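In: need coordinates for the below:
(chains A and B)
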Number of protein chains: 2
Amino acid sequence: MSEVYALRRTRLRECCNAGGSAAALVTRPANVRYLAGPAPEGAVLLLSPAEDFLVCAGLPDDRGEQSRPDEALRVHVVPGTGGDPAVEAAGLAAAGDADSLAVEEHHLTVTRHRALRSVVPGLRLANVGGAVEQLRVVKDEEEISCLRIGAEIADQALGELLESILVGRTERHLALELERRLVDHGADGPAFATSVATGPNAGRPGHRPTDRRVEEGDFLSVCLGAAYRGYRCEIGRTFVIGTAPADWQIELYDLVFTAQRAGRESLVPGAACRDVDRAARQVLDSAGYAAALPALTGHGVGLEIDEDPQLTPGTMGKLDACVPVTVEPGVHLPGRGGVRIDDTLVVRPEADGGPELLTITTKELLAL
Amino acid sequence: MSEVYALRRTRLRECCNAGGSAAALVTRPANVRYLAGPAPEGAVLLLSPAEDFLVCAGLPDDRGEQSRPDEALRVHVVPGTGGDPAVEAAGLAAAGDADSLAVEEHHLTVTRHRALRSVVPGLRLANVGGAVEQLRVVKDEEEISCLRIGAEIADQALGELLESILVGRTERHLALELERRLVDHGADGPAFATSVATGPNAGRPGHRPTDRRVEEGDFLSVCLGAAYRGYRCEIGRTFVIGTAPADWQIELYDLVFTAQRAGRESLVPGAACRDVDRAARQVLDSAGYAAALPALTGHGVGLEIDEDPQLTPGTMGKLDACVPVTVEPGVHLPGRGGVRIDDTLVVRPEADGGPELLTITTKELLAL
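Out: As a prediction, the model looks like this:
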């Protein structure tokens, strides 16, 4: 892995040098992880002309290979207690003769930025912007393999839940049960707070589980994901509880399914992000649900559960091959509930078989 | 509750006015919650001379009284999608004739701060600093009652775990089981990621559960807490697994217990924070464990699990009555494990019976 991290740092260094900074300070945790491997909480990465440092408030744990940072990095522990690794790193940069340091202004607070300036007044602070986030968009096969395993785990957890009795159980309990099963199957933990929504809550994006119990005739929508070696995937499905779905439930489900399929089928290298969004959105729009639609119909996933690219009407830019994204249109009707169908897929060229579906749980409307 | 929120906002307003700003923008989520009640993710609070606004990216959910923001606030929804409520709020402040807006520089990123400046160039941005955090330190009885209920829930969850068979189960499973029980007993969820540490991991502060299984002869240390109506408490206990503790285990346990009791007994209104820390720390220090000690021996709790005051050797300031804090000294011996004992207590005057212990699970060394 060490060469992978070194290569990523080289790409960031080139990008900073082009911007006129010989040194860069990376503070956003997922970006530190991307460039340095697993690191202690609060650790920051300093790229400087002479050497790269991982600066930590305390010594990294040593709990096996999967939790160790890249051993090619020099680890620098902030002396004393309560010091800010970012401030310490700025001092190291200045001591290493850098005259300009590119920082992540979208992550550093005003207070920390000011502390950096005051500790090394001669150092010019530039902005590295979202350079690391941009590097993170296209994944290598090792990263995709972590997402694939995470998706398998989520599929297993969901599959087991569907075999159990659901009526009478609360949203909260079902969510906890899913999270336990994710861990049972080898996840580091849930990729995000598991959402279970029943009846009138079903289909609401980001619904936080309540004490409502599953009832006959409900829509039940579930959204979960596994974190595996730091990588986070997402799956969402909607079911009907009890004997047979009502006509309105079948119609709404078919509509959302059609929209989601249209989104999935438009995932080709070179497609504009907003065209993928439009493919899904227009199905729902033209059925009269324009007002019920969320701001996005999908997003990138990786070390964070919500990354670039965003699939929205306003996103500029195109999809590349090897970009994992969710496709997750949904409709929520206040007071009645709704449907949401969510997959994680990897954009692949048609010659390689087209988009790779990572979350393979059936999308038939199951009556449970 | 509405009067409570209004009073808190009045206190903040006075503090801002004294600093020369007629308007204040609160962005840190726990601070927004403190001043406005439960609010949607990303919502910000604008205090302006004419009126106070809760500015949200979308409409607040309506899921019952416990999840609604203070109804005395005017809710302003950012038009369109993808807008930043903080930027929108700055626009409202400028439109309301404020010439200076105090912001939370320790929470706003450099990028957001710049966006605020550029959208309303005529508005002077000042720093409200940690004013809201300072207001939050002393709790009212309603807040303490939420913490007390949270602590009861955590005690129940822990008590039930102790009645089950532990040998052979993994740290991860025990942690999930505890979290499920917290929710069973009425918690919103865990107050923080539950820590279960066995054998050589026992006593490590902030240990993240692994797949290590509980074995005979292990120390087992557990740290958990419940979130209840937004308030977060903490309890930590250490047990021995199996027949009878070894001599070194009994000695180490007694020592940490003595340190923890010394810390608890020094919790009186007017005590210096660093003296409380010293009371606990010097017991461990003088037994030769100076190097094994963490940076703090306790901290405030409330809407966040780690608030002011910090109980460390370097903390200035004194404890007031009605301040809930943890007292949590511990010793971890690399390769062998260790002991950590952690309670949440409320500082009370001696006339009221002294410190109120919220987490009442026994601190005897149980052999399970």
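
In: contacts, neighbours, all on C-alpha from now
Out: Will do.

In: near chain B, which residues of the stretch 51-200 of chain A?
Out: A:81-82, A:105-113, A:172-173, A:176, A:180, A:183-184 (CA under 8 Å from any CA of the partner chain).

In: which residue does the stretch 251-368 of chain A have closest to chain B?
Out: A:A295 (6.1 Å; CA to the nearest CA).

In: spell out the secondary structure type for that residue.
Out: Each residue gets one of three states, and A:A295 gets coil by DSSP: H, G, I helix; E, B strand; the rest coil.

In: list only buried entries from the residues of the stretch 51-200 of chain A next to chain B.
Out: Applying 16 or more other CA atoms under 10 Å in any protein chain shown to those, the neighbour count classes A:105-113, A:172-173, A:176, A:180, A:183-184 as buried.

In: what's the most distant pair in the residues you listed?
Out: Farthest pair in those (CA to CA) is A:H113 and A:H173. Separation: 42.9 Å.

In: the helices in the stretch 101-250 of chain A, which residues?
Out: For the stretch 101-250 of chain A, helices defined by DSSP state H, counting those that start in this stretch occupy the ranges A:110-119, A:131-137, A:141-162, A:171-184, A:247-265.

In: now mean pLDDT too, for those helices, in CSV please.
Out: Below are those laid out as CSV (pLDDT from 0 to 100):
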stretch, mean pLDDT
helix A:110-119, 94
helix A:131-137, 97
helix A:141-162, 97
helix A:171-184, 92
helix A:247-265, 97
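
In: domain parsing for chain A?
Out: When chain A is parsed with automatic domain parsing, its domains come out as A:2-136, A:138-357.

In: where among those domains is average confidence lowest?
Out: Of all the domains of chain A, the minimum mean pLDDT falls on domain A:2-136 (a mean of 90).

In: nearest residue to the middle of chain A?
Out: The centroid of chain A falls nearest to A:I305 when counting by CA atoms, centre = their mean (1.6 Å).

In: check whether it really touches A:F192, as I assumed.
Out: Yes - using CA atoms under 8 Å as the test, A:I305 is close enough to A:F192 to be in contact (7.1 Å).

In: show residues contacting stretch A:326-337.
Out: A:198-205, A:219, A:234, A:236, A:256, A:259-260, A:263-264, A:280-281, A:284, A:289, A:292-294, A:296-301, A:338-345 (CA atoms under 8 Å, 6 or more residues apart in numbering or on different chains).

In: and the residues you listed, which of them are in strands?
Out: A:198, A:219, A:236, A:298-300, A:338-340, A:343-345 (DSSP state E).

In: number of nearby residues for the nearest residue to A:E133 once chain neighbours are set aside?
Out: Spatially, and ignoring its direct neighbours in sequence, A:E133 is nearest to A:N31 (7.0 Å; CA to CA, 6 or more residues apart in numbering or on different chains). Using other CA atoms under 10 Å in any protein chain shown, A:N31 has 22 other residues around it.

In: just the element for A:N31, please.
Out: Using DSSP states H and E, A:N31 sits within helix A:29-36.

In: gap between that helix and the chain center?
Out: 14 Å (CA atoms, centre = their mean, to the nearest Å).

In: by contact count, what packs against the very next helix or strand once past that helix?
Out: Remark: after helix A:29-36, the chain's next helix or strand is strand A:44-47, criterion DSSP H and E. With contacts defined as 3 or more CA pairs under 8 Å, 6 or more residues apart in numbering or on different chains; DSSP states H and E, strand A:44-47 has these neighbours: strand A:23-26, helix A:29-36, strand A:52-56, helix A:85-95.

In: again, only this time at 10 Å
Out: On a contact count with 3 or more CA pairs under 10 Å, 6 or more residues apart in numbering or on different chains; DSSP states H and E, strand A:44-47 meets helix A:2-18, strand A:23-26, helix A:29-36, strand A:52-56, strand A:74-77, helix A:85-95, strand A:100-103.

In: residues touching A:G58, list them.
Out: A:40-43, A:76-82, A:85 (CA atoms under 10 Å, 6 or more residues apart in numbering or on different chains).

In: wait, which of those is closest to chain B?
Out: Distances from chain B to these, taken by CA to the nearest CA, are shortest for A:T81, at 6.3 Å.

In: list the contacts for the residue in the stretch 51-200 of chain A positioned nearest to chain B?
Out: Nearest to chain B, among the residues of the stretch 51-200 of chain A, is A:T109, at 3.9 Å (CA to the nearest CA). Taking CA under 10 Å, 6+ apart, we find A:T109 in contact with A:115, B:104-113.

In: could you do A:A226 as well?
Out: So A:A226 contacts A:147, A:149-155, A:157, A:179, A:181-183, A:185-192, A:194, A:232-235, A:305 (CA under 10 Å, 6+ apart).

In: coming back round to it: which of the helices of the stretch 101-250 of chain A has the highest mean neighbour count?
Out: helix A:171-184 (a mean of 23; mean count of other CA atoms under 10 Å in any protein chain shown).

In: and stretch A:22-29, how far out from the chain's middle?
Out: The answer for stretch A:22-29 is 21 Å, by CA atoms, centre = their mean.

In: B:L166 versus A:C146, what's the distance?
Out: 31 Å (CA to CA, to the nearest Å).

In: follow-up on the earlier one: thought A:L311 was touching the residue of the stretch 251-368 of chain A closest to chain B, still the case?
Out: Yes - here A:A295 lies in contact with A:L311, judged by CA atoms under 10 Å, at a distance of 8.9 Å.

In: quick one: common contacting residues for those two?
Out: With CA under 10 Å, 6+ apart as the test, A:A295 and A:L311 both reach A:D277.

In: how about A:H332, secondary structure?
Out: strand.

In: just checking, A:V138 touches A:A321?
Out: Yes - applying CA under 10 Å, one finds A:V138 in contact with A:A321, separated by 7.3 Å.

In: the more surrounded of those two?
Out: A:V138 (22 against 17).
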